[in-house]
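Trainee: Quick check, what structure comes out for this input:
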Amino acid sequence: MRILYLSFFFPPNNTVGAVRVGKNAKYLAELGNELRVIAADGAVSERGDRSLPVEVPPEWVTYTPWWQVNAIGKSLTAGRARRDSSGAPNEGAAKGPAFNNSIDVLPAWLRGAGQLYLSVTNIPDAAVGWRRAAVRAAVRVCERWRPDVIYASGGPWSGLMAAATAARRIGVPWVAELRDPWAENHLYPFMGWRRVVDRWLERRTLSTAAGLVTVSEPMAQGLRRNHAQPVRVVLTGFDRADYPPPDRTDDDGRLHVVYTGQFYGGRCDPTPFFEAIGRLGSDAAKMRVTLFVRDDIPSIQRMVDRAGVGETVSIREPVAYSEALRQQVSADVLLLALQDSAAFDGVYTGKVFEYIGAGRPILAVARDTNVAAELIRSAGLGFASMDPAAIAEWLSEAMRRKVAGGLPAIDPGLVEPYSRLAQARVLEGFLKEIVGSSRTPPCA
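Mentor: Down below sits the predicted model:
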């Protein structure tokens, strides 16, 4: 099968979206499919990190230049974004493709203007300046190489709109992957009136798709309610080949808990975990916690200080993806913090699959109804709770087992269904169904 893959994010740019699409491309190719990839050029990750490996033949990938609609806004916020309240650099504020994450550094009287600018110009999103370039590149590639199907991953949603246009011009079916909700996104970044526009754009764009892919069953149910196309769940998964051997040279006998990632400005709140440590009393000395965080470190430090667990918890700067995986496989327990909101119960974070691949027990600060918490419990991968007392009890048992010989690794056979390869097979099967049905996109 020949697959034209459209994604704004793609390796080497180190973003969550790029990891998923890069791995899907890798394993679709390993399954014997031939791919061509259209992606955005430039360091579009938050920190300009271009460390992800490109795991398909480089000649298969076309990186297109794109017009940054938010260039003016980013330049306006960049000066203020360089300083936080302590005068320290704030590296992540304005380097991404949008500046909506840095509006909060503006004076209050300017925030409304910034929100209005985003709502009027970012239609459907900050990657609007990539849409035409992506279509041109897709058509050009297909002049000499005709795909069986176009597969487009979003967000940003500009990539899905580009795929719909390219599919019509080339005359092949296309499939849309929605890693998050579009118009109904619970972290909707625009003014309320814009949602009407985005609902219309979503219906119009996805009505031309032959099929839809998403990342969890609750999100799939939402798509089935709003759209007529067949929907398939393809989990994010993990790539066993990425993980190095564990390094236990610094094992001091204490229970070592590791977190790698970000708390998204406190929306993923680790406070119940910190409070649980406080409940351990003198036993807290039998454990150590290392947080490798991409958030504002002083704000996380204040959480730790409020809980009085500074002697147990140390906060570090974020590390490269390969080092994060080394830290994970070498830990005793992996900490996961998820949003305390029913709106996010159907959202898997890619971090949970990364942790599953590391093979260490997972301690999730999460609602019982969250899909990731349900997976951790049902598959015997660890423990999930938001109750500090219950977390403290689980930690006490983990420390006892550590002293008795160590916490056992997760059975590899137990987690194999969540591997990238297994999930790529699910995706490949769905795409073959679409191609076999000979659906062609109607004119939009």
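Trainee: what's the longest helix in this protein?
Mentor: helix 420-437 (DSSP state H).
Trainee: Quick one: residues in contact with that one.
Mentor: 1, 3, 23-24, 26-28, 30-31, 33, 148-149, 151, 173, 175, 210-211, 213, 230, 232-239, 416 (Cβ atoms under 8 Å, 6 or more residues apart in numbering). All C-beta spots, glycine's among them, are computed from the backbone N, C-alpha and C.
Trainee: got a list of what residue 334 touches?
Mentor: 257-259, 328, 355, 358, 360-363, 382.
Trainee: I'd like the distance between it and residue 186.
Mentor: When Cβ to Cβ, to the nearest Å is the yardstick, residue 334 and residue 186 sit 25 Å from each other.
Trainee: quick one: the strands in the stretch 1-150 of the chain?
Mentor: In the stretch 1-150 of the chain, the strands defined using DSSP state E, counting those that start in this stretch lie at 2-7, 34-40, 61-64, 149-154.
Trainee: And the first one, what does it pack against?
Mentor: Okay, so that is strand 2-7. helix 16-30, strand 34-40, helix 131-141, strand 149-154, helix 158-170 (3 or more Cβ pairs under 8 Å, 6 or more residues apart in numbering; DSSP states H and E).
Trainee: now, of the ones you listed, which is deepest in the fold?
Mentor: strand 149-154 (a mean of 27; mean count of other Cβ atoms under 10 Å).
Trainee: That one pairs with which strands?
Mentor: When pairing is defined by DSSP bridges, strand 149-154 lines up against strand 2-7 (parallel), strand 174-178 (parallel).
Trainee: Give the next helix or strand downstream of the shortest one.
Mentor: Sequence-wise, the next helix or strand downstream of strand 174-178 (DSSP states H and E) is helix 194-206.
Trainee: which helices and strands does that following helix pack with?
Mentor: By 3+ Cβ pairs under 8 Å, 6+ apart, helix 194-206 packs against helix 158-170.
Trainee: Report the buried residues of the longest helix of the chain.
Mentor: 420-421, 423-424, 426-428, 430-431, 434-435 (16 or more other Cβ atoms under 10 Å).
Trainee: could I get those residues as TSV with distance to residue 141 and pLDDT?
Mentor: Listed next are the buried residues of helix 420-437 as TSV, based on distance: Cβ to Cβ, whole Å; pLDDT from 0 to 100:
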residue	distance to residue 141	pLDDT
420	25	95
421	26	96
423	26	97
424	22	98
426	26	98
427	21	98
428	21	98
430	23	98
431	18	98
434	20	96
435	18	96
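Trainee: Determine which two of these are furthest apart.
Mentor: Largest separation among those by Cβ to Cβ: 420 and 435, giving 21.7 Å.
Trainee: What is the neighbour count of residue 228?
Mentor: By other Cβ atoms under 10 Å, 9 other residues sit near residue 228.
Trainee: typo on my end, residue 248
Mentor: 12.
Trainee: Then residue 377?
Mentor: Using other Cβ under 10 Å, residue 377 has 16 other residues around it.
Trainee: Quick check: it touching residue 385?
Mentor: No - taking contacts as Cβ atoms under 8 Å, residue 377 lies outside contact range of residue 385: 9.7 Å.
Trainee: which ones are touching residue 188?
Mentor: residue 195.
Trainee: Strands of the stretch 201-350 of the chain, start to end?
Mentor: 211-214, 231-233, 255-261, 287-293, 313-316, 333-337.
Trainee: Distance to residue 276 added to those, as CSV?
Mentor: Converted to CSV, these look like this (distance: least, Cβ to Cβ, whole Å):
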stretch, distance to residue 276
strand 211-214, 33
strand 231-233, 33
strand 255-261, 11
strand 287-293, 11
strand 313-316, 12
strand 333-337, 11
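Trainee: In TSV, list those strands along with mean pLDDT and distance to residue 161.
Mentor: Compiled in TSV, the strands of the stretch 201-350 of the chain are given as follows (pLDDT from 0 to 100; distance: least, Cβ to Cβ, whole Å):
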stretch	mean pLDDT	distance to residue 161
strand 211-214	97	15
strand 231-233	98	19
strand 255-261	95	30
strand 287-293	95	34
strand 313-316	95	40
strand 333-337	96	34
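Trainee: Pull out the buried members of the contacts of helix 420-437.
Mentor: Buried members of the contacts of helix 420-437, counted by 16+ other Cβ under 10 Å: 3, 23-24, 26-28, 33, 148-149, 151, 173, 175, 210-211, 213, 230, 232-239.
Trainee: Pass me the low-pLDDT residue ranges in the stretch 51-200 of the chain, would you?
Mentor: Along the stretch 51-200 of the chain, the parts satisfying pLDDT under 70 run over 73-110.
Trainee: and of the strands of the stretch 1-150 of the chain, who's closest to residue 14?
Mentor: Among these, strand 34-40 sits nearest to residue 14 (Cβ to Cβ), with 13.3 Å.
Trainee: report the angle between the axes of the closest one and strand 149-154?
Mentor: Using axes from the mean of the first three to the mean of the last three Cα atoms, to 10 degrees, the direction of strand 34-40 lies 30 degrees away from that of strand 149-154.
Trainee: Pairing partners for strand 34-40, with directions?
Mentor: strand 2-7 (parallel), strand 61-64 (parallel).
Trainee: And the longest one, what's buried?
Mentor: Within strand 2-7, the residues scored as buried using 16+ other Cβ under 10 Å are 3-7.
Trainee: what about stretch 150-168, start to end distance?
Mentor: With Cα to Cα, to the nearest Å as the measure, stretch 150-168 spans 11 Å from end to end.
Trainee: Thank you, goodbye.
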